[in-house]
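K.L.:
Predicted model and sequence follow; I will ask about them next.
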Amino acid sequence: MSQAAERPRVEILTFGCRVNQYETQVMRERLAREFELASGDADLYLVSACTVTALAEKKARQAIRRLRREHPDAKVVLVGCLADAVAQGLTRVSDADLLGGNAWKGRVNELVSRALAGERGLAAAAEPVPLAEERAARDPSRARAFLKVQDGCDLRCTFCRTHQVRGPCRSKPIPAAVEEARRLVASGCPEIVVSGINLAAYRTEVGGLPDLVREFLRIEGLRRLRLGSINASGVTEGLIAAFADDRRACPHFHMPLQSGDDAVLRLMARSYTASSYVETAARVRRAIPDATFGADVIVGFPGEDDAAFGRTCSIVEEVGFANLHVFRYSPRKGTPATAFLRPVPEEAKRERASHLEELAAKVEERVRQAFVGSEETVLVEERKANRWRGYTRQYLDVHFAAAGAVGPGMEVPVKLAGTKEGHLEGVTDHRTRMR
């Protein structure tokens, strides 16, 4: 038996945001030094899980129970935000052998070794690894790579646990972030997605997010740069200018909205008004006419009446989102909103969510139709149903056939000919130059 085969087998299951996905890649790199990374049968299952919504927790618990049932002899370790929530008494998870908060991700090998040695329960608090020391190599199975440049949140939105489980804001130094990006580009990564828990709060002694973006765009060989979710306050004139000046900066801005009603936004402790949000989107469009937008919306927050919900619907139509994520409000223990008066009945939440999803589908189709007839460069991600699939710079999903040599990671000029079932249909000439 080879030495590699003798090493314990570890599989990672990831639930949650882009930051979680980035951190999983960091953990994979560290685990590979001592353990065999598995897919399927393993000696230990490492579950990196989210606690932002009740649904996210439910999915993680279901996965842990399934692992326990299907692999009774294996160890199950919970790491990340959900484990931090357990440590703070905000929730409970009973089926994992060992639990470690987010700080343990930087010492994941030690956490896994402890579990394999039989340690159970909640691991003692650990010191987080400085962001400057975090590095993630490219995952060759993906066309884009997430690059975390910021962690933590100083906002205290009344519905959210993030500041409790992620701690205060901290930013990766610009030189460290740029060096990490250079390595990703050198490894052939076609697109980098700049990510953070509160990306709008990115600050260093030598500059903020616009400065970081411009430094990234100086990297030779970088083909695409995209932003992850960013609060509207972070979409400054400097950031807009940086994106307007370079076509490699993808003009899609996912700005969480949460509500289109000012009274509800105040109850949520959000830092903007509905009109300032709309104006931010308008400023982006004036500088970058083909920009698209995404957002998250919470329906059924305490105090939201039919009129407030109607104002949210109006903003969805006015901004014209290319993608919208609709969430029904779920009370989270430890957050101020659990004590708010005027809770919205569950039936009303379901009806509003259904109505908003239907409206969003119409608005999204309108956005797609506006691009029909244009030619856009598509970054190919996968082969699906005998067609290629990928995304434009504006984060529009495109399916197309190609007669030439096409493959994941290539950029292909595609004529957008129509829409179908939530995506754009395209055609391409195999003689057209591809990257």
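P.N.:
In hand now; what should we look at?

K.L.:
hey, let's count contacts and neighbours off CA atoms from now on
P.N.:
Noted.

K.L.:
quick one: buried residues of stretch 159-171?
P.N.:
Phe159, Cys160, Arg161, Thr162, His163, Gln164, Val165, Arg166, Cys169, Arg170, Ser171 (16 or more other Cα atoms under 10 Å).

K.L.:
any idea of the mean pLDDT in it?
P.N.:
Averaged over stretch 159-171, pLDDT sits at 95.

K.L.:
can you put the buried residues of stretch 159-171 in CSV and add secondary structure and distance to Ile230?
P.N.:
Rendered in CSV, the data for the buried residues of stretch 159-171 read as follows (DSSP: H, G, I helix; E, B strand; the rest coil; distance: Cα to Cα, whole Å):
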residue, secondary structure, distance to Ile230
Phe159, coil, 18
Cys160, coil, 16
Arg161, coil, 17
Thr162, helix, 15
His163, helix, 16
Gln164, helix, 19
Val165, helix, 19
Arg166, helix, 17
Cys169, coil, 14
Arg170, strand, 15
Ser171, strand, 14
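
K.L.:
What segments of this protein are helices?
P.N.:
3-6, 18-31, 54-70, 81-87, 108-116, 162-166, 174-186, 209-216, 237-244, 262-268, 274-287, 306-319, 346-371 (DSSP state H).

K.L.:
Tabulate those (TSV), appending distance to Val129.
P.N.:
Output for the helices of the chain, formatted as TSV (distance: least, Cα to Cα, whole Å):
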stretch	distance to Val129
helix 3-6	27
helix 18-31	12
helix 54-70	25
helix 81-87	16
helix 108-116	11
helix 162-166	13
helix 174-186	14
helix 209-216	21
helix 237-244	29
helix 262-268	32
helix 274-287	35
helix 306-319	40
helix 346-371	40
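
K.L.:
Among those, show the one with the smallest mean pLDDT.
P.N.:
helix 3-6 - the lowest mean pLDDT of the helices of the chain, at a mean of 58.

K.L.:
before we move on, the earlier item: nearest to Asp139 among the helices of the chain would be which one?
P.N.:
Of all these, helix 18-31 sits nearest to Asp139, with 7.4 Å by Cα to Cα.

K.L.:
State the distance from the residue nearest to Ala124 when sequence neighbours are not counted to Val86.
P.N.:
Distances taken as Cα to Cα, 6 or more residues apart in numbering place Gly100 nearest to Ala124, at 7.6 Å, with adjacent residues excluded. As for Gly100, its distance to Val86 is 9 Å (criterion: Cα to Cα, to the nearest Å).

K.L.:
got it, and Leu199?
P.N.:
26 Å.

K.L.:
One more: Ala137?
P.N.:
Distance, Ala137 to Val86, using Cα to Cα: 30 Å.

K.L.:
Same check on Cys160?
P.N.:
Cys160 sits at a distance of 15 Å from Val86 (criterion: Cα to Cα).

K.L.:
pLDDT score assigned to Arg431?
P.N.:
For Arg431, pLDDT reads 50.

K.L.:
Domain map for this protein?
P.N.:
Following automatic domain parsing, one gets these domains for the chain: 3-122, 131-368, 375-427.

K.L.:
Apart from its chain neighbours, what residue comes closest to Ala232?
P.N.:
Ala232 sits nearest to Met255 (Cα to Cα, 6+ apart), 5.6 Å away.

K.L.:
residues touching Arg120, list them.
P.N.:
Shown in contact with Arg120 (Cα atoms under 8 Å, 6 or more residues apart in numbering): Asp97, Leu98, Leu99.

K.L.:
For Lys415, give the beta-bridge partners.
P.N.:
Following DSSP bridges, Lys415 is listed with bridge partners Glu375, Val427.

K.L.:
OK, contacts around it?
P.N.:
Gly373, Ser374, Glu375, Glu376, Gly426, Val427, Thr428.

K.L.:
if I pick the third one, what's in contact with it?
P.N.:
For Glu375, the contacting residues are Pro413, Val414, Lys415, Leu416, taking Cα under 8 Å, 6+ apart as the criterion.

K.L.:
Try it again at 6 Å.
P.N.:
Val414, Lys415, Leu416 (Cα atoms under 6 Å, 6 or more residues apart in numbering).

K.L.:
coming back round to it: in terms of packing, which of Gly100 and Val86 has more residues around it?
P.N.:
Gly100 (28 against 19; other Cα atoms under 10 Å).

K.L.:
Go ahead and confirm the more buried one touches Ala123.
P.N.:
Yes - counting by Cα atoms under 6 Å, Ala123 is a contact partner of Gly100 at 5.3 Å.

K.L.:
what's the distance between stretch 305-320 and the middle of its chain?
P.N.:
Remark: stretch 305-320 is offset 24 Å from the chain centroid, using Cα atoms, centre = their mean, to the nearest Å.

K.L.:
Tell me which residues of it come out buried.
P.N.:
Quick answer for stretch 305-320 (16+ other Cα under 10 Å): Asp305, Ala308, Phe309, Gly310, Arg311, Thr312, Cys313, Ile315, Val316, Glu317, Val319, Gly320.

K.L.:
any idea how far the second one lies from Lys362?
P.N.:
Counting by Cα to Cα, the gap from Ala308 to Lys362 is 21 Å.

K.L.:
quick one, phi/psi of Leu341?
P.N.:
With angles defined as degrees, to the nearest 10, Leu341 sits at phi -80, psi 170.

K.L.:
residue contacts, it?
P.N.:
Contacts for Leu341 (Cα under 6 Å, 6+ apart) come out as none.

K.L.:
Look up how far His252 lies from the residue nearest to Ala241 when sequence neighbours are not counted.
P.N.:
Leaving aside its sequence neighbours, Ala241 sits nearest to Ala287 (Cα to Cα, 6+ apart; 7.5 Å). Note on Ala287: its distance to His252, by Cα to Cα, is 13 Å.

K.L.:
Neighbour count for these two, which is higher?
P.N.:
His252 (24 against 15).
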